[in-house]
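# The following comprises the amino acid sequence and a computationally predicted model.
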Amino acid sequence: MMAPSFAYLPPASTNSKLIIQVPAVTPAGETSALSPTLSALASVWPILPDTVSILLSSTPQQAVDFAALSYSVSDSHVIHFFDHHSSSREVGTTITPNLVSDGPSLSIRKAVEAAGYSFFEYHGGSEATTVVVLLNGPFALTLKAVIKGDTASNLGVVIVNVFRPWDEAALQAIIPATATTIHVLDDVPNPVTQGGLYVDVFGALWGSSPKRTVRSHRITPAQTQVFTTAGGSFLKFIEGVTKVQISKLSPDSSKKLLLFSVPKSTLSSLPVFIEELFLSKAGIHTRLLTDHDVFSKPGGITASRLLISRNNVADTLPIPVAFPIDSHSTGHSDFLGILDQGLLKTHSLLQHAKPGSTVLVVSSWTPEEFLSNLPPGVPSFIAERNLHIYLIDSKAIAAKIVGAQGPIQDAVQNLLVELAFLRLYLGGAASEGTVLQLAKSSFDEDIQGIPLAKYNAFAWSSLQVVDVQSAKPDETLETPSLKNFESNAIAVETEGGTTVVNGARLSTWHDAAKHLLFPSVYAPEQDISELDNLRNPALRPEVPETTFLVSCTVNKRLTPLEYDRNVFHLEFDTSGTGLKYSIGEALGIHGWNDEQEVVEFCDWYGADPNRLITIPLPSDETKMHTRTVLQALQQQIDLFGKPPKSFYTDLAEYASNDVDRYALRFIGAPEGVATFKKLSEKDTVNFADVLKMYPSARPGIERLCEMVGDIKPRHYSIASAQSVVGDRVDLLVVTVDWLTPSGKHP
């Protein structure tokens, strides 16, 4: 968007020049997954004036060096593209730039050379016959790592560090004289767009001696996404187009740790604490990359990849290449940490663990409860892959040690999980003494007046082992479709601290205004039909189905008053609505909760009924809508519906009273099936009843809305035929009424 205005820039000078640092990361595809593609710039390269220099970096050190040398250039404006998809976001070793000059007085060529770089890099065989040319980035770094140092290779790679100004002589000089075929990789938005790099390379080599064939390969965003997520696919692509066998990547001796959590949770900072633990050890090199998925789960999910090695290799592979998270993973992590037990119910996370590796789950479940809460098929998957599952209830342990909730308890939870991690990471060499000794090098002897040895003893003794070796595949249950993690966000907070993930949250009228101003962004997709001119979108704007407003014209009881069953006849007038139906169909009616009961519940719960709340749509959890708390509880949330068994388990996490917490966990456990059956079938309790039975378990109203779920439309079989009655729907309904043991009408 800015590129056309660059033609009007005045000449650059020492005291007046434009420097733009551009993070190279782009949402791509239907799922808006983050991608390192530069395809959006395909139309920009030809229109940039000669007064603008373009730098591209791929490693953390290059990003720092190129950013610094930009300010030493005096003869041009500078645009620097750095890999924000992975390398520039890594946390690890401190990097300082190579000093170029005391002041901005160098040409772009001299500044690049002074920093220790060149316009083009060549790697591969000195007599290679095939050469691949591509812009500097994660794929260039991958190809470089494979063929660097292989002087006998028949394949060479030219990496473009400086795209503008274009230096034809430098390119001609760096390509081996033996090269006969040049393959140019261009990021383009679609297969019919010609890439700018190919045009430049073809022009530089046209008419040169010896004659060479220059071939263009247009890489679309979809291909880039496959290369990024599927390990080894990029190298297979290079082999396919060059017809040259590429040696496999050298075995990676790094230990790979993968930690899944939810944003802004108590344990969300644990990966940083573990990384800092190893940073303090001499001879240990660590790399940490954190990504977020804010679409697959309300509230978001975070994946932190940590690579730990004894050798600090200068030209390291991008973390997504060395440690991919892909939907068809056969397991890459040596240690898998799941810091929120609820993620196991919704996402396929265990597939990322190597066969025979260790998995630590921070959970309030017992080993038996853990197995019963897993989706069907997962226990047998654990047994097949021979995963070693360990559980630790850091919250309960922290409550025993330091008592009250707050920042202190949060810090203790992180400490306990870190100590448990050390025990599992050390493996057979671990003992309570060795873990304590290692921890002392990073922590004080006393924390909040409590000896570190006490924390370590609790963490050591509280670790539970899950035995799943005897688990058998259950062919009677259909394995649910679990979601895969996909990186689509770098951060989940705005500058003001407002969380921008898609979970429910209390908010202000600003959110409601956004929904009114931009309905297409927030409302679900609607099917275009002939009924569009008849439907009223204000009826149920959050559901994709067409909703009709019909009038009840007849409500007649058919049985005598003294009869114990109320059978009644209803007629609805559908004139002017366009509603059509056939014999055998049902009429779905959207019911509301009683307003007075909702107001009384809000008063008891301490929730302001006039406060605005933003919650996911029932039909599409990636979409949000905003309404008052009263509207949400009355019109959408099934507050007076029947709670499933999982609700008790989830609610236990919010109980501040031990008695309530253990009671809820018992009801949600396999051992509590009789109690659950009594509550569900005999007492017929609803969500509100359960909350009043265990008053110390009180999640925030926005979290409660997600836990309870939505009111489902009640479907009634239609008792009429439209061909006979016309614009009318007839129902025959029976009222089912009874008294609970407590004397209430459910």
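Yes, it's here.

# And the pLDDT at the nearest residue to Val162 once chain neighbours are set aside?
The shortest distance from Val162 to any non-neighbouring residue, by Cβ to Cβ, 6 or more residues apart in numbering, is to Phe119 (4.3 Å). Quick note: C-beta positions are derived from backbone N, CA and C, even for glycine. You'll see Phe119 listed with a pLDDT of 97.

# Spit out the contact partners of Phe119.
109, 112, 160-162, 167, 170-171 (Cβ atoms under 8 Å, 6 or more residues apart in numbering).

# which one of those residues sits closest to Gly578?
Val160 (60.7 Å; Cβ to Cβ).

# quick one: the closest residue to that closest one other than its chain neighbours and Val91, what's the gap?
Leaving aside its chain neighbours, Val160 sits nearest to Leu135 (5.0 Å; criterion: Cβ to Cβ, 6+ apart). Leu135 sits 26 Å away from Val91, going by Cβ to Cβ, to the nearest Å.

# Also Phe6?
34 Å.

# go on, Thr626?
For Thr626, the distance to Val91 - Cβ to Cβ - is 35 Å.

# Which one's more surrounded, those two?
Thr626 (22 against 17; other Cβ atoms under 10 Å).

# and the closest residue to Trp509 other than its chain neighbours, how many neighbours?
Nearest residue to Trp509 in three dimensions, chain neighbours excluded: Leu612, at 6.2 Å (Cβ to Cβ, 6+ apart). Applying other Cβ under 10 Å, we find 19 residues neighbouring Leu612.

# what does Ser253 give?
Ser253 - counted by other Cβ under 10 Å - has 9 other residues nearby.

# pretty sure it contacts Arg310?
Yes. Using Cβ atoms under 8 Å as the test, Ser253 is close enough to Arg310 to be in contact (7.4 Å).

# quick check: longest helix of the protein.
Looking across the chain with DSSP state H, the single longest helix is helix 407-426.

# any idea of the mean pLDDT in that helix?
Mean predicted confidence for helix 407-426 is 93.

# what helices or strands is the helix or strand following that helix leaning on?
The helix or strand immediately downstream of helix 407-426 is helix 432-440, counting by DSSP states H and E. With contacts taken as 3 or more Cβ pairs under 8 Å, 6 or more residues apart in numbering; DSSP states H and E, helix 432-440 sits against helix 407-426, helix 452-462.

# Hey, what's the angle from helix 432-440 to helix 452-462? Just curious.
Helix 432-440 and helix 452-462 are oriented at 130 degrees to each other (axes from the mean of the first three to the mean of the last three Cα atoms, to 10 degrees).

# contact partners of helix 432-440?
Applying Cβ under 8 Å, 6+ apart, the external contacts of helix 432-440 come out as 418-419, 422-423, 426, 452-453, 456-457, 460.

# rerun at 6 Å
The contact list for helix 432-440 (Cβ atoms under 6 Å, 6 or more residues apart in numbering) reads 422-423, 453, 456, 460.

# ok, now stretch 205-221?
Stretch 205-221 is contacted by residues 28, 35, 37, 39, 172, 180-188, 191, 198, 201-202, 241 when judged by Cβ under 6 Å, 6+ apart.

# got it, and stretch 641-656?
661, 664-665, 667-668, 676, 686-687, 690, 696-697, 699, 707.

# pLDDT averaged over it, what's the number?
Per-residue scores along stretch 641-656 average to 90.

# Keeping just the C-alphas, turn it into PDB.
Extracted in PDB, the C-alpha atoms of stretch 641-656 (Å, rounded to 0.1, in the frame of the first residue of the first chain):
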ATOM      1  CA  GLY A 641     -30.900 -27.100  31.800                       C
ATOM      2  CA  LYS A 642     -29.600 -30.500  32.900                       C
ATOM      3  CA  PRO A 643     -25.800 -30.400  33.600                       C
ATOM      4  CA  PRO A 644     -23.700 -33.200  32.100                       C
ATOM      5  CA  LYS A 645     -21.100 -35.200  34.200                       C
ATOM      6  CA  SER A 646     -18.200 -33.100  32.800                       C
ATOM      7  CA  PHE A 647     -19.700 -29.900  34.300                       C
ATOM      8  CA  TYR A 648     -19.100 -31.200  37.900                       C
ATOM      9  CA  THR A 649     -15.400 -31.900  37.000                       C
ATOM     10  CA  ASP A 650     -14.900 -28.500  35.400                       C
ATOM     11  CA  LEU A 651     -16.700 -26.600  38.200                       C
ATOM     12  CA  ALA A 652     -14.400 -28.300  40.800                       C
ATOM     13  CA  GLU A 653     -11.500 -26.200  39.500                       C
ATOM     14  CA  TYR A 654     -13.200 -23.100  40.800                       C
ATOM     15  CA  ALA A 655     -14.100 -24.400  44.300                       C
ATOM     16  CA  SER A 656     -12.300 -22.500  47.000                       C
END
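
# Report the buried residues of that stretch.
Using 16 or more other Cβ atoms under 10 Å as the test for burial, stretch 641-656 gives 641, 643, 645, 647-655.

# can you list the domains in the chain?
3-114, 126-159+166-242, 255-466, 505-714 (automatic domain parsing).

# what would those look like in JSON lines with distance to Ile490?
Listed next are the domains of the chain as JSON lines, based on distance: least, Cβ to Cβ, whole Å:
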{"stretch": "domain 3-114", "distance to Ile490": "7"}
{"stretch": "domain 126-159+166-242", "distance to Ile490": "15"}
{"stretch": "domain 255-466", "distance to Ile490": "7"}
{"stretch": "domain 505-714", "distance to Ile490": "18"}
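
# Of the ones you listed, which shows the lowest average pLDDT?
Minimum mean pLDDT among the domains of the chain: domain 505-714, a mean of 85.

# circling back: please convert the buried residues of stretch 641-656 to JSON lines, extending it with secondary structure and distance to Ile47.
Converted to JSON lines, the buried residues of stretch 641-656 look like this (DSSP: H, G, I helix; E, B strand; the rest coil; distance: Cβ to Cβ, whole Å):
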{"residue": "Gly641", "secondary structure": "coil", "distance to Ile47": "60"}
{"residue": "Pro643", "secondary structure": "coil", "distance to Ile47": "61"}
{"residue": "Lys645", "secondary structure": "helix", "distance to Ile47": "62"}
{"residue": "Phe647", "secondary structure": "helix", "distance to Ile47": "59"}
{"residue": "Tyr648", "secondary structure": "helix", "distance to Ile47": "63"}
{"residue": "Thr649", "secondary structure": "helix", "distance to Ile47": "59"}
{"residue": "Asp650", "secondary structure": "helix", "distance to Ile47": "55"}
{"residue": "Leu651", "secondary structure": "helix", "distance to Ile47": "59"}
{"residue": "Ala652", "secondary structure": "helix", "distance to Ile47": "61"}
{"residue": "Glu653", "secondary structure": "coil", "distance to Ile47": "56"}
{"residue": "Tyr654", "secondary structure": "coil", "distance to Ile47": "57"}
{"residue": "Ala655", "secondary structure": "strand", "distance to Ile47": "63"}
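
# Can you tell me which of those residues is closest to Asn373?
Of those, the one sitting nearest to Asn373 (Cβ to Cβ) turns out to be Thr649, at 6.7 Å.

# from the contacts of Phe119, which single one is nearest Ser717?
Using Cβ to Cβ, Val160 is the member of these that lies nearest Ser717, at 68.8 Å.

# tally of neighbours for the closest one?
There are 24 residues near Val160, going by other Cβ under 10 Å.

# For Ile615, see how far away it is.
For Val160, the distance to Ile615 - Cβ to Cβ - is 48 Å.

# what do you get for Ala42?
Relative to Ile615, and taking Cβ to Cβ, Ala42 is found at 40 Å.

# who's more crowded, the two?
Ile615 (25 against 20).

# any idea which helix or strand carries the more buried one?
Using DSSP H and E, Ile615 sits within strand 612-616.

# contact partners of that strand?
Contact with strand 612-616 is made by 298, 504-507, 511-512, 624, 626, 628-629, 632, 702, 705, as judged by Cβ under 6 Å, 6+ apart.

# wait, Ala115 sits on Leu99?
No. Judged on Cβ atoms under 6 Å, Ala115 makes no contact with Leu99 at a distance of 8.5 Å.
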